[in-house]
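In: Structure here, sequence nowhere to be found:
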């Protein structure tokens with residue numbers, strides 16, 4: 001008969017801490033050389049960034065570069081040069097810079113969908129003038145939403161308790177395996193241990209759009225809406241459970257919404273079968289994949305009828 005040890009040996013705390021330290025240090029060794037300090041020319045604004053390719057593509061935050069066309073780059077090995085801002089996306093607070101200099105190293109963007117709460121999260125950046133600082137913590141939560149400077153919600157934001165301060169913006173949030181899983185972007189002032197990073201999958205999408213089109217494409221249907229309470233009788237009639245929806249306040253003449261026969265005062269209840277409970281849902285559903293594609297919508301119209309319409313969104317004009 002076998003013997004089961006109900007009191008297996010437990011590693012000493014020192015061994016566990018050593019393993020954790022080696023994990024963090026290894027990840028920093030892999031990604032740290034790719035991190036740079038990004039400075040706007042002509043003012044005191046600065047933040048962080050990190051190279052993602054040997055030809056000098058650097059990801060940072062939109063609010064770090066602001067409206068600048070060129071920035072100064074200080075790499076981890078002490079080299080100083082300039083970079084051209086290839087594109088920016090205020091809606092996700094991501095910008096892409098091309099360094100006009102050799103980069104020392106580059107980091108790999110990981111798959112943020114593989115993150116779990118409790119995973120190690122390591123932040124590298126240049127907070128408050130303390131360049132190339134490292135902090136570590138864990139992934140506190142996933143799937144958060146955060147309001148961008150444009151008013152649009154940034155979806156799938158990673159929450160971490162790794163300490164971030166002004167100057168960390170644009171720097172990498174790194175996993176234990178040494179992959180970048182987020183772009184550090186914001187802290188809640190007055191709070192302790194709450195910071196946010198744009199997920200690496202979002203950053204990867206934005207970079208791809210900028211490289212291909214020079215900007216991030218989003219669908220446009222040409223309406224202004226208000227979020228309102230959805231009358232219970234309308235919700236029951238439509239077989240919907242949401243308590244709010246959007247009402248069209250204005251329609252641009254000749255826009256996709258105008259061509260589809262929508263009217264001011266119509267309620268948009270659903271897009272492609274997905275409920276629209278507010279303006280944020282409408283914005284989220286109008287992504288670049290909708291451009292030029294027929295999009296069925298459910299409308300409660302001015303005749304108190306629930307009808308179907310078909311929209312073909314256009315590309316949103318560049319700002």
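Out: Looks like it arrived, so ask away. The structure presented is a predicted model; accordingly, all values stated were derived computationally and were not measured.
In: from here on, contacts and neighbour counts on C-alpha atoms
Out: Will do.
In: give me every residue that touches residue 21.
Out: When the contact criterion is CA atoms under 8 Å, 6 or more residues apart in numbering, residue 21 has no partners at all.
In: average pLDDT for the helix or strand hosting it?
Out: Assessed by DSSP states H and E, residue 21 sits inside helix 13-31. Over the span of helix 13-31, the pLDDT mean works out to 86.
In: cool, stretch 122-137 as well?
Out: Averaged over stretch 122-137, pLDDT sits at 92.
In: Pull the residues that contact it.
Out: Here stretch 122-137 has contacts from 24, 28, 32, 35-37, 47-49, 76, 120-121, 138, 160-176, 184, using CA under 8 Å, 6+ apart.
In: just the buried members of those?
Out: 24, 28, 32, 35-37, 47-49, 76, 120-121, 138, 160-176, 184 (16 or more other CA atoms under 10 Å).
In: Restricted to strands, list these.
Out: 35-37, 47-49, 120-121, 138, 160, 172-174, 184 (DSSP state E).
In: Same list, these, but as a markdown table with distance to residue 62 please.
Out: Shown next, in a markdown table, are those (distance: CA to CA, whole Å):
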| residue | distance to residue 62 |
| --- | --- |
| 35 | 16 |
| 36 | 15 |
| 37 | 14 |
| 47 | 10 |
| 48 | 11 |
| 49 | 11 |
| 120 | 26 |
| 121 | 22 |
| 138 | 25 |
| 160 | 20 |
| 172 | 14 |
| 173 | 17 |
| 174 | 20 |
| 184 | 12 |
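In: The helix or strand hosting residue 250: what's the following helix or strand?
Out: In the assignment (DSSP H and E), residue 250 maps to strand 244-251. Using DSSP H and E, the helix or strand that follows strand 244-251 in sequence is helix 256-259.
In: Name the residues of stretch 69-77 that come out as buried.
Out: For stretch 69-77, the neighbour count (16+ other CA under 10 Å) marks 70, 71, 72, 73, 74, 75, 76 as buried.
In: ok, residues contacting it?
Out: Under CA under 8 Å, 6+ apart, the answer for stretch 69-77 is 32-41, 65, 80-85, 99, 103-104, 132.
In: quick one: average confidence on it?
Out: On average, stretch 69-77 scores 94.
In: ditto for stretch 81-98
Out: 96.
In: ok, now stretch 304-319?
Out: 89.
In: Kindly report the same for stretch 181-198.
Out: 86.
In: Quick check: residue 308 touching residue 297?
Out: Yes - with contact defined as CA atoms under 8 Å, residue 308 counts as touching residue 297 (5.8 Å).
In: More neighbours: which of the two?
Out: More crowded of residue 308 and residue 297, by other CA atoms under 10 Å: residue 297, with 19 against 15.
In: Give me the angle between the helix or strand hosting that one and strand 244-251.
Out: Using DSSP H and E, residue 297 sits within strand 295-300. Our comparison of strand 295-300 with strand 244-251, counting by axes from the mean of the first three to the mean of the last three CA atoms, to 10 degrees, yields an angle of 100 degrees.
In: ranges for the strands of the stretch 101-250 of the chain?
Out: Assigned by DSSP state E, counting those that start in this stretch, the strands in the stretch 101-250 of the chain fall at 120-125, 133-147, 153-160, 172-174, 180-187, 195-199, 219-220, 223-229, 244-251.
In: Residue 61: which of those strands is closest?
Out: strand 180-187 (6.8 Å; CA to CA).
In: Which strands border the strand holding residue 297, and is each parallel or antiparallel?
Out: According to DSSP bridges, strand 295-300 forms sheet pairs with strand 267-271 (antiparallel), strand 306-311 (antiparallel).
In: strands paired with the next helix or strand after the longest one, and their directions?
Out: Read it as strand 306-311. From strand 306-311 onward toward the C-terminus, using DSSP H and E, the following helix or strand is strand 314-315. Its sheet considered, strand 314-315 pairs with strand 219-220 (antiparallel) by DSSP bridges.
In: and for the partner strand, what are the contacting residues?
Out: 256, 286, 287, 288, 289, 290, 291, 313, 314, 315, 316, 317.
In: again with stretch 289-298
Out: Residues contacting stretch 289-298 (CA under 8 Å, 6+ apart): 218-220, 268-273, 306-315.
In: List only those of those residues flagged as buried.
Out: 218-220, 268-271, 306, 309-315.
In: just those residues now: which is nearest residue 241?
Out: Looking across the buried ones among the contacts of stretch 289-298 and measuring by CA to CA, the closest to residue 241 is residue 269, at 10.6 Å.
In: Would you mind confirming that the closest one is in contact with residue 245?
Out: Yes - if you go by CA under 8 Å, residue 269 and residue 245 touch, sitting 6.1 Å apart.
In: contacting residues around the residue nearest the centre of the chain?
Out: Geometric centre of the chain, nearest residue: residue 198, 3.6 Å, by CA atoms, centre = their mean. Listed by CA under 8 Å, 6+ apart, the contact set of residue 198 reads 92, 154, 156, 157, 158, 182, 183, 184, 185.
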